[in-house]
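Novice: based on what follows, work out the 3D shape:
(2 chains)
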Amino acid sequence: MVAAVRGCGGVWRRVWQCGAGGSASLGQCAAASSARGAVAPAGKSGLAPWVPVVGLEIHAQISSNSKLFSGSQVQFAAPPNSVVSFFDASLPGTLPVINRRCVEAAVMTGLALNCSINKRSLFDRKHYFYADLPAGYQITQQRVPIAVNGTLSYSLCTDHKMSQMVTKTVRIKQIQLEQDSGKSLHDDSRSQTLVDLNRAGVGLMEVVMEPDMCCGKEAAAAVRELQLILQTLGSSHAVMAEGQLRVDANVSVHHPGEPYGVRTEVKNINSLRFLAKAVDYEIQRQIEELENGGTILNETRAFDSKLGCTVPMRDKEGKQDYRFMPEPNLPPLILYDTKSLPANINHQQVVNIDRIHERLPDLPSVKRAKLVEQYGILPEHSFTLLNEDGLTEFFESVVKRTQMKPKKVIGWILNDLLSYLNQHSLTVKESPVNSSMLADLLNLLEKKEISSTAAKQVLGELWKGEGKTPLEIVKEKKLELIQDQEALEQICQAVIDGQKNEVMAIKAGNHKVLNKLIGLVQRKTQGRSNPVLVKQLLEKKLLD
Amino acid sequence: MLRASLREVSAALKEGHVTPTELCQRCLALIKSTKFVNAYITVVEETALKQAEESEKRYRTGQPLGVLDGIPIAVKDNFSTAGIETTCASEMLKGYIPPYSATVVQKLLDQGAVLLGKTNLDEFAMGSGSTDGVFGPVRNPWSYSRQYKEKSVPKSHPEDEDSNWVIAGGSSGGSAAAVSSFTCFAALGSDTGGSTRNPAAHCGVVGLKPTYGLISRHGLIPLVNSMDVPGILTRCVDDAAVVLGSLAGHDPKDSTTIQDNFKPFELPNLIDVSKLSIGIPKEYHAPGLSSEILALWSKAADLFKNAGANVIEVSLPHTHYSIVCYHVLCTAEVASNMARFDGLEYGHRSDMNKSTESMYAATRREGFNDVVRGRILSGNYFLLKQNYENYFVKAQKVRRLIANDFMKVFRSGVDILLTPTTLSDAVPYIEFIKEDNRTRSAQDDILTQAANMAGLPAISVPTALSERGLPIGLQFIGRSFQENQLLTVARWFEKQVKFPMIELEEVKRHDHGVFQHQKSASFS
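Specialist: Have a look, this model is predicted:
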C-alpha cells in the first residue's frame, strides 16, 4: 500500500519521498514548495512535483420534522415505506410545497459560512432514471442556489503531537436546497431490487467547496469543521454514519504552473477517516497513473473501505446528461431582509434573513476563542473540547465545581477522561463518571487530601460505575494522605535508616538520589503521602 | 329537464320539482343510451347514486350545500379521483386508482355535486381531437343531431351514416360531448393549448380556461405544468361563472395558485357594451381559417360595434411563433413529467424483468402511445445540455414576447380580445385521422395556444351553426384575473347570438318530464 501523507499544504511526490517533512504553507497549497530531502522521482515527469487539488461536494440532511416538499415526517430508521406521502411516491398530479423550516436551515447555514444569501433563488429538475428516484427527476437548485460565495475556516495540526495548529480557508461556491432520494437494496441472489422511499424527499443542503484543499487531512478537517457548524446551528445532525452527512471528493493532480488535471469524483465515503484515506489514495493513484504514462479518466469512483482503495463505479460509467429544466411547479423562492420586508405581510409566510442572522448561535471558532480566553487553555485543547460532543459542557461544569485551575482540569479531561472514553468507544454522555464526580475527585486532590497517584486510583474505581462517591472510595481504600506529620516523619526515618548508601550519596551532594527515597516513602505509604511534604521532611533530616 | 341550465336545474331541485336521485338516474340512463358517443371512460353509477341520495337528504332537511348540491357533473379522466380509476386514456394508467382527489374534484364534491364519471380524452391530453386515447375516439354528439343529419348525411345511404360522424375536438372531447349530449350539467376539462375551448367550440358548449393560478392544479395529471389550467365546460356562460366561483382561489397544495381568496361573482343582467374596447387581433386571421368562421367573426365584431363598443384591430405580432415555441416548451415538460411513469410505484409494469433498465424501457414502450413517446423523445432532445440554450431558453424568451404582446394591447386600453376558437367546424373522423397528431395539434391549437402562453383567461362561446349544421365557437380573451369582465362580455354576446340547441333524438326520448315547457325557454 502506498501512503504519502506528509503534513499538509505541500507538494506531493512519490511514495519514497515522504520523508520530506511537513513544510506546511499557510493558505493555498503552494505549488512551488521546496522538496527538501526528496529523492528525484523516476518517470517522464522528471523533477516536477505534483500538486493535488481537492474539492468537495457535501450533502447534509436538513434536520426538520417534515420533508422538503411534502408533509411526511423525517424519521431515521422508520419501518420501510412508512413515512411516504403521495408526493414522495410521485403519484401523478401531486405538487411540491416548500417547507419553510428547510429554507431557514439553509439560510442559517449560508450565513454561518459567510455566504451571500440570494433573495431570489430558483428550483430545477435534474433528470435521471433510478429505482429510488420515483419522479425520474430530483428537484434541486442548479441555476440560482439559495446561498453563494462563502468561506469556511478550519484548522489542522501539522504534526502528530497536535501542538502546531494551522488555520486554512476553503471557499464555499454555493449551498443549494434539494431533495434526497430513496434507498435501493439490491438482492443479487434473487435479482431483485427493494426500494424504501422513507428518505425520498427529505431536505438536503448541498454545500459545494471549491478545490482549495490538497490532501485527505485537509479535506477531513474542513468537513469536520462544517459538521461542527451544522450541529451548532442545528440545521443538520450531520452524523456521517447515519448518512446525514455525505461527502463526495473531486480529486485531480497537476504540475505547478500547469492547468488542473482531469478530475475524478470519489463517492461512498462514510467517515472522516475514510475521507482522508480515500482522497490520499486517489491522489497517489493518479500520480502513479500519470507517471507511468497513463491518463486519468473523468469518472466516478467508489471508495472501498475494506481494501482502502478507490474503484470505478460501474453504473456511473459515461457522462450523464441530466437535462436540467426549471421546476415549473415552484415559483421563485423569495427571501426578505428587514429593509425589503413588505409592510402588510404575514410574518409566518416569509423568511427574514436579518432575523435569522440575529439569532445565530456562537459558531465553533468563536466558542474556541472564548474557551481559550476564559480558561487560559491552549488553542489545540479548545479544538479537542469542541470535537467531542458534550465535552466542552463537561469541562465547564467541572471547572465550575472545583477550586482547581482550569488549566489543570483540562489535563484530567483530555488525558484521563477522553482517553478512557476513546479506549472504550464511549461518548461523553455515556461516560460512567459524570462531571460532578470528577469535580469531587479533583477537589480532594486540590485540597491535598489525596495524592495525584491516589486520585488516578480513585478514578479507576469510578469507571466501574458502582455508584460510589470519590470520598467513599478514598475512605474504603484508605487513600487519604497521611495528615499525621509525626507518623510520616517516622516512616521517613525508617527509610533513611534502611538506605545507608543512598543517604551517603545525598550527603555527598548527589541530590538526585533524594527522589529514590521519596519514591520509597510513597511505596511504604501506598501513595498516601504528599510528595512535597515528604521531600521537605527528608531534606530536613539529611541536609540540615 | 336535462337540457336546462345548471342554475335552472338547481332552482328546480330547491323547489322540489325534481330530486337529486331522479336527476342522477336520468343522467345515468342517458349516458347508457348515448354510449356510442364514447364520452365516458368510467361511469360510477353506484357512488353517484349514493351521492345523490346524500344530497336528497340535505334538500329534505332544507340544508343544501349550495347551487351545486345534487348537480350531476363529469370530470375529465386526467383529474385524480379518490377510489375511482384515473387513466388519462393511457395503457400506462389503466387500473390506476388514486388514493386522493384533485382539489377541484374535492371542491365540487364538498359542495354536493354528484360525480357521474370520468370522461374520455386524448392520451395524457395530448391531442386536439379526442381521437388518440386508448379507449377509442369521442364522437361529437352533433354528428347525431337533426341539424347535422339534415345537411350532411347523404339521405340515400343510411349505412354511410356511421362514417360521417365528426370529431368532438380535444383533448377534453369527452367532457364537451358529455355536456353537449345532456348527460351532465357541467364538466371539468383541462386546457394547456386549447384543450377545453377547442372541444367546446366543436360541441357547441361554453368552454372556459381561467387565468393560470386562479384554480388549483393539484391532482390534475400534468401535461405542461406552466400552462395547464383546469377548464370548465357548461351549457351557458352563467353556469361557467357558477362553477368557477366554486373552484377558484388559493390552494395550499399548489404553490402556483394566487395567494388571495377568490370572491365568487354573479354576472350582471344588463351591461353597457358601449364602454368596452374590443380588440380584433389581425394575426388570428390565420391561414386555413374557414371563410364562414371569418364571416362569423366579423359579424360578431359588428355586433359589438353596433352596440356602441369601440372595436379596433390590434396586433399580436409574435403569434406566429407560438406553435413552434409551444412545441418546444410542451415536449420538454412532457419529457420531464412522464419520467415518473416507470412501472415501479403505480400503473402499467411490463413483464420484462431482465434488469431494471429493460423493465423501464419495456414498460414505457408498452404503456405510452406513439404521440406520447414522440413528445418525450423530442422534449429530451431539447433539454440536452448542448440544445438547452438554443431551444428551451429561446422558446421561453419567445413565450415572454408572446405574453408581452398581450400586455401591450391590454395596456393600450383594450378590454377584451375577440377571436375565432377554431379554424373550421369539426371535421369527420375519417378526414381527421389522415394527418398525424402533431400536424393536427399544431393547426388546431393556433388560435387558442397563445392565451396559455400568457396565462390569460379565455372562453369559447358557441355562436352559430356552420353550413354543415355544426357548431362554431368564438373566443374571448381577457386580462389576467379579470374573469368577471370576461364572462360578463361573453354572457352579453351569448344572449345576442342565440345559439340553437342541439336536437338529439336520443335525448328527446329520455327527456320526458316535468320541465318540458322550459326547454325552449332558455335558448333557441
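Novice: which bits of the stretch 251-400 of chain B sit near chain A?
Specialist: Contact residues, the stretch 251-400 of chain B versus chain A (C-beta under 8 Å from any C-beta of the partner chain): B:252-256, B:332-333, B:335-336, B:338-342, B:344-346, B:353, B:356-357, B:360, B:380, B:383-385, B:388, B:392. In short, each C-beta sits where N, CA and C put it, glycine included.
Novice: mind redoing it with 7 Å?
Specialist: Contact residues (C-beta under 7 Å from any C-beta of the partner chain) of the stretch 251-400 of chain B with chain A: B:252-256, B:332-333, B:336, B:339-340, B:342, B:344-346, B:356, B:360, B:380, B:383-385, B:392.
Novice: how many neighbours does whichever residue of the stretch 151-300 of chain A sits closest to chain B have?
Specialist: The stretch 151-300 of chain A approaches chain B most closely through A:Thr193 (6.1 Å), counting by C-beta to the nearest C-beta. A:Thr193 has 16 neighbours, counted by other C-beta atoms under 10 Å in any protein chain shown.
Novice: do the same with the one 3 residues further on
Specialist: When counting by other C-beta under 10 Å, one arrives at 18 neighbours for A:Asp196.
Novice: how close does it get to A:Phe86?
Specialist: Separation of A:Asp196 from A:Phe86 (C-beta to C-beta, to the nearest Å): 17 Å.
Novice: which residues of the stretch 301-450 of chain B fall in helices?
Specialist: Applying DSSP state H, counting those that start in this stretch to the stretch 301-450 of chain B gives helices spanning B:322-337, B:356-367, B:370-383, B:385-388, B:394-411, B:429-432, B:437-444, B:449-454.
Novice: next SSE after the last one?
Specialist: Moving toward the C-terminus from helix B:449-454, the next helix or strand (DSSP states H and E) is strand B:458-465.
Novice: okay, the angle between the helix or strand that that following strand is followed by and strand B:458-465?
Specialist: Later in the chain than strand B:458-465, the nearest helix or strand by DSSP H and E is strand B:471-477. Computed by axes from the mean of the first three to the mean of the last three C-alpha atoms, to 10 degrees, the angle separating strand B:471-477 from strand B:458-465 equals 150 degrees.
Novice: how big is the angle separating strand B:471-477 from helix B:394-411?
Specialist: Using the same axes, to 10 degrees: strand B:471-477 against helix B:394-411 is 80 degrees.
Novice: what's strand B:471-477 packed up against?
Specialist: Strand B:471-477 sits against helix B:197-203, helix B:291-306, strand B:416-420, strand B:458-465, helix B:483-497, with contacts defined as 3 or more C-beta pairs under 7 Å, 6 or more residues apart in numbering or on different chains; DSSP states H and E.
Novice: ok, longest helix in chain A?
Specialist: Ordering each helix of chain A by length in residues (DSSP state H) puts helix A:272-291 first.
Novice: am I right that B:Glu123 is in contact with B:Val371?
Specialist: Yes - applying C-beta atoms under 7 Å, one finds B:Glu123 in contact with B:Val371, separated by 6.4 Å.
Novice: tell me which residue of chain A lies closest to chain B.
Specialist: For chain A, C-beta to the nearest C-beta, closest residue to chain B: A:Gly136, 2.5 Å.
Novice: so who does that residue touch?
Specialist: A:His127, A:Phe129, B:Ala339, B:Arg340, B:Asp342 (C-beta atoms under 7 Å, 6 or more residues apart in numbering or on different chains).
Novice: with A:Leu543 instead?
Specialist: A:Leu543 neighbours (C-beta under 7 Å, 6+ apart): none.
Novice: tell me the pLDDT at it?
Specialist: Residue-level confidence at A:Leu543 comes out at 77, pLDDT.
Novice: try B:Asp445
Specialist: The per-residue pLDDT reported for B:Asp445 equals 86.
Novice: what do you get for B:Asn225?
Specialist: Listed pLDDT for B:Asn225 reads 97.
Novice: surely it touches A:Glu327?
Specialist: No - judged on C-beta under 7 Å, B:Asn225 makes no contact with A:Glu327 at a distance of 8.5 Å.
Novice: of those two, which one has the most company?
Specialist: Shown here are B:Asn225 and A:Glu327; by other C-beta under 10 Å, A:Glu327 has more neighbours (23 against 19).
Novice: so who does that one touch?
Specialist: A:Phe123, A:Asp124, A:Arg125, A:Ile139.
Novice: name the residues of chain B found near chain A, please.
Specialist: Residues of chain B that fall close to chain A, judged by C-beta under 7 Å from any C-beta: B:80, B:98-100, B:102, B:217-221, B:225-226, B:252-256, B:332-333, B:336, B:339-340, B:342, B:344-346, B:356, B:360, B:380, B:383-385, B:392.
Novice: ok, now with 6 Å
Specialist: Listed as neighbours of chain A in chain B under the rule C-beta under 6 Å from any C-beta of the partner chain: B:80, B:100, B:218-221, B:225-226, B:254-255, B:336, B:339-340, B:345, B:356, B:360, B:383-385.
Novice: need the buried ones from those residues selected in ChimeraX.
Specialist: Command for ChimeraX that selects the buried part of the residues of chain B next to chain A, burial taken from 16 or more other C-beta atoms under 10 Å in any protein chain shown:
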select /B:80,100,218,219,220,221,225,226,254,255,336,339,340,345,356,360,383
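Novice: what's the pLDDT at the residue of chain B found nearest chain A?
Specialist: Nearest residue of chain B to chain A, counting by C-beta to the nearest C-beta: B:Ala339, 2.5 Å away. The per-residue pLDDT reported for B:Ala339 equals 97.
Novice: look up the closest residue to it, ignoring the ones flanking it.
Specialist: A:Gly136 (2.5 Å; C-beta to C-beta, 6 or more residues apart in numbering or on different chains).
Novice: what about that neighbour, distance to A:Leu417?
Specialist: Distance from A:Gly136 to A:Leu417, counting by C-beta to C-beta: 52 Å.
Novice: again with A:Leu333
Specialist: When distance is defined by C-beta to C-beta, A:Leu333 is 46 Å away from A:Leu417.
Novice: pLDDT score for the most centrally placed residue in chain B?
Specialist: Taking C-alpha atoms, centre = their mean, the centroid of chain B lies closest to B:Thr196, which sits 2.1 Å from it. On pLDDT, B:Thr196 comes in at 98.
Novice: same question, A:Gln490
Specialist: A:Gln490 carries a pLDDT value of 87.
Novice: do the same with the one 10 residues further on
Specialist: A:Lys500 carries a pLDDT score of 84 in this model.
Novice: buried sites along the one helix or strand A:Glu461 maps to?
Specialist: Under the criterion of DSSP H and E, A:Glu461 resides in helix A:452-463. For helix A:452-463, a neighbour-count test (16+ other C-beta under 10 Å) marks A:Ala454, A:Ala455, A:Gln457, A:Val458, A:Leu459, A:Glu461, A:Leu462 as buried.
Novice: same question, stretch A:345-364
Specialist: Neighbour counts using 16+ other C-beta under 10 Å place A:Val350, A:Val351, A:Asn352, A:Ile353, A:Arg355, A:Ile356, A:Leu363, A:Pro364 of stretch A:345-364 among the buried residues.
Novice: what do you get for stretch A:286-293?
Specialist: Neighbour-count burial for stretch A:286-293 flags A:Gln286, A:Ile287, A:Leu290, A:Glu291 (criterion: 16+ other C-beta under 10 Å).
Novice: now these as a markdown table including pLDDT and distance to B:Asn437?
Specialist: A markdown table is the format used below for those (pLDDT from 0 to 100; distance: C-beta to C-beta, whole Å):
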| residue | pLDDT | distance to B:Asn437 |
| --- | --- | --- |
| A:Gln286 | 96 | 52 |
| A:Ile287 | 95 | 58 |
| A:Leu290 | 94 | 55 |
| A:Glu291 | 93 | 59 |
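Novice: for those, give me a markdown table that also has distance to B:Glu283.
Specialist: Output for these, formatted as a markdown table (distance: C-beta to C-beta, whole Å):
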| residue | distance to B:Glu283 |
| --- | --- |
| A:Gln286 | 60 |
| A:Ile287 | 65 |
| A:Leu290 | 62 |
| A:Glu291 | 67 |
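Novice: the helix holding A:Glu461 - what's its average pLDDT?
Specialist: Average pLDDT, helix A:452-463: 88.
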